[in-house]
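Predicted coordinates and the sequence they were generated for:
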Amino acid sequence: MAEQIKITFLGTGSAVPTARRNHSATLIQYKDETILLDCGEGTQRQFRKAKISMGKITKILLSHWHGDHVLGLPGMFQTMVMGNYNKKLEVYGPIGSKKKMREYLDLFGIDSRKLNLEVYEVEEKIFFENSDFYLESKSMDHSSPTNGYSFVIKNKNRIDKEKLKKLNIPNSPLIGELVKGKTVKIGNKKIDGKKLMYFEKGRKVSFVVDSRYNENAVKLSKDADILICESSFAEDEEKTAKDYGHMTSREAATIAKKAKVNSLALIHLSQRYDTIPKKILSEAKKTFKNTVVVEDLDEVVL
């Protein structure tokens, strides 16, 4: 059985928070990884509401350095220091992130040595990879350097443990050869490892906020299981959206359609749609049917 990806929407609002929607923050949990995408003001309180420990965070991916996406960092860092956070905390962001993080830490008197904090600047590339998954970034089109991100679990060939159990094979290094799909001889039996294997398709989560419509967003989210995308404005405000470096509900849905994603989750709604998110949703659904407007603390499991 595939390991679950759990996505928690900690904040789904935009520049001005409302009673209903906090500033931007999205959490991805997979195995031992807890990855926070953006950290708007009030994010650590949202962790409390979601009953998730900030001590589990392993990586933070920052789309850009506008306040509604990063002002939650200083308070969260201070709490993590006081809580004796004991992991290496990796922070990834667009060009200029190292300088801005240094200024943040100096301004609030946070000792990065106590936090074991490492900051990396990334552009358009796969910037982290292990045997399980990789993280990819592409530049977006906003009023400051901005990244979109994808979290991608790799395709895997797995051994069927139930079939293996029925063969009553003793614990042996030869099991490692079977896992590689090789044929091995155990006692008088020849066992074909390929017949014990099955294919497990990878999964992909893509994340695009604070950006005008652009083809990089389509490339980044190609074939994603879920695209988490901003939808700051309604269709009749397309010019305003472009002027402020954002996109409309229809443009977000167009990205989802062109990228052939499985589902679209809309976030970063302007406060003007706080009580009428159905307007954004209905417009997006005209272009891409499998769309939802998520609320703070909603969860999705893949």
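Everything's here; your move. Numbering: from 1, shown residues only.

Now for residue 138, how many residues are close by?
23 (other CB atoms under 10 Å). Backbone N, C-alpha and C define where each C-beta goes, glycine included.

same thing with residue 176?
Around residue 176 there are 11 residues (other CB under 10 Å).

Can you tell me the SS state at it?
helix (DSSP: H, G, I helix; E, B strand; the rest coil).

Just the local confidence number for it, please.
If you check residue 176, the pLDDT there is 71.

And it, how close does it get to residue 154?
In this view, residue 176 and residue 154 are 20 Å apart by CB to CB, to the nearest Å.

Same check on residue 133?
According to CB to CB, residue 133 stands 6 Å off from residue 154.

So if I had to pick from the two, which one is more boxed in?
More crowded of residue 133 and residue 154, by other CB under 10 Å: residue 133, with 20 against 14.

Please name the residues that touch the closest residue to that one other than its chain neighbours.
Nearest non-adjacent residue to residue 133, counting by CB to CB, 6 or more residues apart in numbering: residue 153, 4.7 Å away. By CB atoms under 8 Å, 6 or more residues apart in numbering, the contact list for residue 153 reads 5, 30, 132-133, 202-204.

Could you list the low-pLDDT ranges of the stretch 151-300 of the chain?
Along the stretch 151-300 of the chain, the model assigns pLDDT under 70 to residues 168-172, 179, 193.

switch to 90 and redo it
The stretch 151-300 of the chain contains residues with pLDDT under 90 at 156-200, 272-276.

any idea where the strands of it begin and end?
Here the stretch 151-300 of the chain has its strands, by DSSP state E, counting those that start in this stretch, at 156-159, 183-186, 189-192, 197-200, 203-208, 226-230, 263-267, 291-293, 299-301.

Enumerate every residue touching residue 212.
By CB under 8 Å, 6+ apart, residue 212 lies in contact with 140-142, 241-242, 245-247.

And residue 5, how far from residue 245?
Residue 5 is 29 Å from residue 245, by CB to CB.

more neighbours, these two?
Remark: of residue 5 and residue 245, residue 5 carries more neighbours, 21 against 18, as counted by other CB under 10 Å.

Write down the beta-bridge partners of that one, one by one.
On the basis of DSSP bridges, residue 5 is bridged to residue 30.

contacting residues for it?
Applying CB under 8 Å, 6+ apart to residue 5 gives the contacts 28-30, 151, 153, 203, 205, 301-302.
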